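Novice: Got a sequence here, can you model it:
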Amino acid sequence: MFETLQTMPADAILGLIAEHRNDSRPEKIDLGVGVYRNAAGETPVLNTVKKAERHLVETQTTKSYISTAGEPTFNAAMQAMTFAGAASDDRLVTIQTPGGSGSLRVAAGMLLRAKDAVTVWVSDPTWVNHVPLLGGAGLELKSYPYYDTQRHVIEIDAMLETLRGAPKGDVVLLHSCCHNPSGLDPTEDEWQAIMDVIVERDLLPFVDIAYQGFARGISDDNYVIRELAPRVPEMIVSNSCSKNFGLYRDRVGSLSHLSADTTTRDIVSSQVNNYVRTLYSLPPDHGAAVVSMILNDSELHAEWLDEVKKMRDRLQSMRVLLNDALVEKTPDRDFSHLVRANGMFCYLGITPEHVERLKREFGIYLVDTSRINVAGITEDNVGYLSDSIAAVL
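Specialist: Predicted coordinates for the structure are as follows:
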């Protein structure tokens, strides 16, 4: 049976992790792996998560299965955080999923249950896993212009022109904030123009919100969701708790469907629960129980918002730190897009050859596209990093 299979190429990011781990140079820097890191280079467990976990250990009485939809208090809290009252509950159904990736995969399956052939428009570029998660499920993917690699700006006019030509009923995948990989988000005026086209063309918005709280704040980073919900009959939202709760390995996410009316919502609810049953049967409990406790406890919630702010502020300060260093050491190059971007990621804006030299000569690891995770920058390594970039340029 399996002798017909061939070896698959190694994942680029996982390969970088291994290369960095095996590099003996003490000054080596990892700018590739997509997790938040503090100033010490660690991916910490949030204090609020520790408090919630301790309470769970002391009070939880069973490890029995939960339902296909997951924990109701978690779903209600995630729905409230995502939509902020912009849509009535009688049009919404939210389920717990195994991370944001699980949410995207369930959404893909639901789209294909609703229609045999579905086209999803994704930004160029987009998160690399959008392609295997959505395309691998059987959806047809087409791209709309998004990032100008020369000027380091959003190609808003080209994006709008492309979406105006999308057939009615097609799906448009949007990054709610902290666009991965570019880090550049539309302004509110640009979002309004994008939403106008979606409404005019009767397109189905599919919003991926993986970094809520990492751009402007929890209550601001769902802007496109809050603005679109009253204007469209249907919408899909995939949410992740990996970054803003630091629950990467616990796989916590949610999927929300906004329907035109209560009857359709109930049909969608029955279908999505049935689909989950055929895919992974039941979601994991622990991480979602932690999130639910934090979001539903006023003191923990306030402390968590402060922790998210500290992560957000550190990411932005590292952008400023690197840009300031590069202004001094590469005065003929413009790296100001580093500061204009949001969240963990952005493009450095150098060639694959430069990337290879950074790795080979200086032990600095990033993907060939020059996408960097700014969480890998610290006050201790920014001097070496900027010197190395200046050297290869």
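Novice: What ranges does the stretch 251-393 of the chain have for its helices?
Specialist: 262-279, 286-296, 298-329, 337-340, 352-362, 382-392 (DSSP state H, counting those that start in this stretch).
Novice: Now the third one: average pLDDT?
Specialist: I take that to be helix 298-329. Average pLDDT, helix 298-329: 98.
Novice: My guess is Ile225 contacts Ile209. True?
Specialist: Yes. Between Ile225 and Ile209 there is a contact under CB atoms under 8 Å: 6.9 Å. (Each C-beta comes from the backbone N, C-alpha and C, glycine too.)
Novice: Now for these two: what residues contact both?
Specialist: Thr82, Ser176, Val237 (CB atoms under 8 Å, 6 or more residues apart in numbering).
Novice: Most neighbours out of these, which is it?
Specialist: Neighbour counts for the shared contacts of Ile225 and Ile209, by other CB atoms under 10 Å, peak at Val237, which reaches 29 neighbours.
Novice: Now the spatially most central residue of the chain. Nearest residue, chain neighbours left out?
Specialist: In the chain, the C-alpha nearest the mean C-alpha coordinate belongs to Ala210, at 3.0 Å (CA atoms, centre = their mean). Setting aside the residues directly before and after it, Ala210 is nearest to Ser240 in space (CB to CB, 6 or more residues apart in numbering), at 4.2 Å.
Novice: quick one: that neighbour and Arg226, what's the gap?
Specialist: Using CB to CB, to the nearest Å, one obtains 18 Å as the distance from Ser240 to Arg226.
Novice: For the two, indicate the residue with more neighbours.
Specialist: Taking other CB under 10 Å, Ser240 and Arg226 do not tie; Ser240 has more neighbours (25 against 17).
Novice: which residues pair with the more buried one across the strands?
Specialist: Gly253 (DSSP bridges).
Novice: quick one: it from Leu104, how far?
Specialist: 9 Å.
Novice: now swap in Arg164 and tell me
Specialist: When CB to CB is the yardstick, Arg164 and Leu104 sit 26 Å from each other.
Novice: try Lys329
Specialist: Where Leu104 is concerned, Lys329 sits at a distance of 40 Å (CB to CB).
Novice: Mind checking which of those two has more residues around it?
Specialist: Leu104 (26 against 16).
Novice: which element is that one on?
Specialist: Secondary structure assignment for Leu104, by DSSP states H and E: helix 99-114.
Novice: Which parts of the protein belong to which domain?
Specialist: Domain ranges of the chain: 2-45+300-392, 65-296, per automatic domain parsing.
Novice: For Ala193, grab the count of nearby residues.
Specialist: 17.
Novice: What I need now is the helices of the stretch 251-393 of the chain written out in JSON lines, including distance to Ala39 for each item.
Specialist: Formatted as JSON lines, the helices of the stretch 251-393 of the chain follow (distance: least, CB to CB, whole Å):
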{"stretch": "helix 262-279", "distance to Ala39": "40"}
{"stretch": "helix 286-296", "distance to Ala39": "23"}
{"stretch": "helix 298-329", "distance to Ala39": "7"}
{"stretch": "helix 337-340", "distance to Ala39": "18"}
{"stretch": "helix 352-362", "distance to Ala39": "21"}
{"stretch": "helix 382-392", "distance to Ala39": "11"}
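Novice: which of the ones you listed is buried the deepest?
Specialist: Most buried of those, by mean neighbour count (mean count of other CB atoms under 10 Å): helix 286-296, with a mean of 23.
Novice: could you dump that helix to CSV, C-alpha only?
Specialist: C-alpha atoms of helix 286-296 as CSV (Å, rounded to 0.1, in the frame of the first residue of the first chain):
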residue,chain,number,x,y,z
HIS,A,286,-8.2,22.3,28.7
GLY,A,287,-7.1,25.4,26.8
ALA,A,288,-10.6,26.5,26.0
ALA,A,289,-11.5,26.1,29.7
VAL,A,290,-8.6,28.4,30.6
VAL,A,291,-9.7,31.0,28.1
SER,A,292,-13.3,30.8,29.2
MET,A,293,-12.2,31.4,32.8
ILE,A,294,-10.1,34.4,31.9
LEU,A,295,-12.7,36.1,29.8
ASN,A,296,-15.5,35.5,32.3
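Novice: re earlier: do you know the pLDDT at the residue nearest to Ala210?
Specialist: 98.
Novice: for Ala325, what are its contacts?
Specialist: Ala325 sits in contact with Val382, Gly383, Leu385, Ser386, where contact means CB under 8 Å, 6+ apart.
Novice: Which residue, other than its chain neighbours, is closest to the last one?
Specialist: Leaving aside its sequence neighbours, Ser386 sits nearest to Ala325 (CB to CB, 6+ apart; 3.6 Å).
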